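J.: Quick one: sequence plus predicted model below, questions after.
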Amino acid sequence: MNGSRPEGDPWTAAQPEPYAVREPGSYGPPRDRVVHQPLPPEEVVSRPLPPEEVVSRPLPPERPVARPLPAEDDGTVSLRSVVPAPAGGLAGGRAERRKAARRAARAGVGVAVSRLVGEVFITIGVVMLLFVAYQLWWTNIRAQQQAGGAARSLRHSWETNGGADRDAGAFSPGEGFAILYIPALDVRTPIAEGTGKRTVLDRGMAGHYGSGSLKSAMPWDKRGNFALAGHRNTHGEPFRYVNRLRPGDKIVVETRSAFYTYEMTSRLDQTSPANVDVIRPVPRGSGFTGPGRYITLTTCTPEFTSTYRMIVWGKMVDERPRGKGKPDALVE
């Protein structure tokens, strides 16, 4: 058989020549079979890696370190005690929520009432402060303006009309007829007829007791007691510091025709408002023993009250016609 070793001498027989192998299913002359040989192994070349890029990343947050708890005492244990849930489950929870809602509603009403009461008290306080400011400040300003205007008007009428002074009772209530000076207290204020608050005293003027049972004399009368009233506080307060007068201090009354100078003699620090004897022609308690030409100043005491009356008395020491100029007490 073609391609097999000859029988009989298997060891010495010559090797057959190579032959072509026909591919199965092929026709024609045989072709050499192409045998693929493996490729040599590739040479591995080591290359250095590029340097790593350093990326800065935020540090993670520090983790809390667990520390042992302090020893528990009775107070700590009571605070950590767990209150068991009330029996009743869901129904009990709803009841508790309703109670809490009612308590919150009552608390809201209480807060609203408290705020309202606080606002009322604040309003009352502000009103009181405004009233005090009105009494102590504004009434003085207003009264001094009115008194100054009355004094200028009075002087103008004297210069225009002239003539003699009139008798007591000839002036209508609130009508000015003289000017009072107290040099030691730097006081100058008009004197008007009557002692009404609205028409005289609250306008910063001194009022003359000139009617009824309290009627007193005029400065130009040859005998009698010229009695005046004035505010000690607020509304101009012309008699605020009459308690500082000392015996010998001068009190001057200027009228249409003359200046009448009195000298302070005594003071009564406190007496009842019903004590009308202090303005009689010979005032009781003044130290005067007989008729004369006197002056009496009356005002309220203690300050900012009208509980009692303070009385200051004086006697006339000089009468000077206006044509001869001011007296020495007003020139010094």
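T.: Perfect, I can see it now. Everything numeric here is computed off the predicted structure, so don't read it as measured data.
J.: could you list every residue that touches residue 294?
T.: Contacts here follow C-beta atoms under 8 Å, 6 or more residues apart in numbering; on that basis residue 294 touches 224-226, 262, 281-283, 286, 288, 313-316. C-beta here means a position set from N, CA and C on the backbone, and glycine is covered the same way.
J.: Which ones among the residues you listed map onto strands?
T.: 224, 225, 226, 262, 313, 314, 315, 316 (DSSP state E).
J.: Report the beta-bridge partners for the last one.
T.: Residues in a beta bridge with residue 316, per DSSP bridges, are residue 262.
J.: Confirm for me that it is in contact with residue 264.
T.: No - because the distance of 11.7 Å does not satisfy C-beta atoms under 8 Å, residue 316 is recorded as not touching residue 264.
J.: Name the spans of the stretch 1-150 of the chain whose pLDDT lies under the cut-off.
T.: Along the stretch 1-150 of the chain, the model assigns pLDDT under 70 to residues 1-62, 64-92, 134-135.
J.: swap the cut-off to 50 and go again
T.: 1-4, 6, 11-13, 19-21, 89-90 (pLDDT under 50).
J.: Show me what the helix ranked longest in the chain is packed up against.
T.: Determined from DSSP state H, the single longest helix within the chain is helix 89-133. On a contact count with 3 or more C-beta pairs under 8 Å, 6 or more residues apart in numbering; DSSP states H and E, helix 89-133 meets no helix or strand.
J.: tell me the angle whichever helix or strand comes after it makes with helix 89-133.
T.: Using DSSP states H and E, the helix or strand that follows helix 89-133 in sequence is helix 139-161. Comparing the axes of helix 139-161 and helix 89-133 via axes from the mean of the first three to the mean of the last three C-alpha atoms, to 10 degrees yields an angle of 20 degrees.
J.: Not counting its own residues, what contacts helix 139-161?
T.: 176-179, 188-190, 192, 202-205, 234-238, 256, 322.
J.: Which among these count as buried?
T.: 176-179, 188-190, 192, 202-205, 234-238, 256 (16 or more other C-beta atoms under 10 Å).
J.: hey, where'd the helices end up in this protein?
T.: 74-80, 89-133, 139-161, 328-331.
J.: Switch the ones you listed over to JSON lines; also include distance to residue 242 and mean neighbour count.
T.: Shown next, in JSON lines, are these (distance: least, C-beta to C-beta, whole Å; neighbours: other C-beta atoms under 10 Å):
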{"stretch": "helix 74-80", "distance to residue 242": "71", "mean neighbour count": "9"}
{"stretch": "helix 89-133", "distance to residue 242": "24", "mean neighbour count": "10"}
{"stretch": "helix 139-161", "distance to residue 242": "17", "mean neighbour count": "15"}
{"stretch": "helix 328-331", "distance to residue 242": "16", "mean neighbour count": "14"}
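J.: now for those, which one comes closest to residue 300?
T.: helix 139-161 (14.6 Å; C-beta to C-beta).
J.: Surely residue 306 and residue 300 touch.
T.: Yes - between residue 306 and residue 300 there is a contact under C-beta under 8 Å: 4.5 Å.
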